[in-house]
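Visitor: Next comes the sequence, and after it the predicted model I'd like to discuss.
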Amino acid sequence: MSPVRADEEIRRLFVAGDLPVETRHAVEVWQRTAFASHEGLRLNHALHITLAFLGNVPQARVPELTEALSQVSLRPCDVAVAEPVFLPVRGAKRVVVLPLLERGGELARLQADVACALASTGLFEAERRPWLPHLTVARFRRPGQPFSLQNVNIPGFCVVRVVLYSSLLERAGAVHTPLAVFPAS
Ligand code: 3AM
């Protein structure tokens, strides 16, 4: 990866699959009840399926990324929402996620294709650990212990678009701004 110059404008970037509005609402309803009495957690309302986290990238190179992403063949992906899991698996927990399950492996293929397209720009290196499709629904304010959570009953949904997001870290949490949208067809 090329070094970043001190005078370059930098963006913190990631690529994610978006949720249909009904799914977003269903997750929010579940979050409100499930975490009502857990003040040690911050609910995540910026719900998305992270496909690739790029981190800091010079603004001037964003067009290369959008060009690379536009070459990916995007097919709609059907997924089901599984019961909540506390991560990391070992040790004190930092997040609560809803894993996503799929039958045909389309979403996993989409993630691999997105990662490959991004890697071709030299601005992204794929993570070694296997990708876990999930929605992060809450973050521990301080690493903590798991607790029992209400079952989820959120209908399956279809991922129909991929978005290149810029993430600005603010005191109240990250603010995500879509820079480019890639609809599935
Ligand atoms: O919504 P989730 O949690 O799946 O956890 C961050 C979030 O994904 C992840 O990128 C998404 C947008 O912020 N993220 C943040 N820093 C990361 C890093 N250093 C990271 N993923 C991998 N490595």
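Guide: Cool, got the structure. Residues are numbered from 1 along each chain as shown.
Visitor: Going by C-alpha atoms from here, please, whenever you check contacts or count neighbours.
Guide: Fine.
Visitor: Was I right to think Thr68 contacts Cys116?
Guide: Careful, residue 68 is Ala; it's not Thr. No - in this structure, Ala68 is not within contact of Cys116 by Cα atoms under 8 Å, at 9.2 Å.
Visitor: Which residue, neighbours along the chain excluded, lies closest to the most centrally placed residue in the chain?
Guide: Geometric centre of the chain, nearest residue: Thr50, 2.1 Å, by Cα atoms, centre = their mean. Spatial nearest neighbour of Thr50, excluding adjacent residues (Cα to Cα, 6 or more residues apart in numbering): Ala16 at 4.3 Å.
Visitor: Can you list the helices and strands that the helix or strand hosting that neighbour packs against?
Guide: Here Ala16, judged by DSSP states H and E, is contained in strand 10-17. Packing partners of strand 10-17 (3 or more Cα pairs under 8 Å, 6 or more residues apart in numbering; DSSP states H and E): strand 49-58, strand 161-170.
Visitor: What segments of the protein are helices?
Guide: 21-34, 62-70, 106-119 (DSSP state H).
Visitor: With distance to Cys158, mean neighbour count and mean pLDDT added, can I get those in TSV?
Guide: Below are the helices of the chain laid out as TSV (distance: least, Cα to Cα, whole Å; neighbours: other Cα atoms under 10 Å; pLDDT from 0 to 100):
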stretch	distance to Cys158	mean neighbour count	mean pLDDT
helix 21-34	9	15	96
helix 62-70	20	17	98
helix 106-119	10	19	97
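Visitor: I'd like to know which of these is closest to Leu135.
Guide: helix 21-34 (9.4 Å; Cα to Cα).
Visitor: do you know how far Thr66 is from Ile49?
Guide: 18 Å (Cα to Cα, to the nearest Å).
Visitor: relative to strand 49-58, how tilted is the strand holding Ala16?
Guide: Counting by axes from the mean of the first three to the mean of the last three Cα atoms, to 10 degrees, strand 10-17 lies at 160 degrees to strand 49-58.
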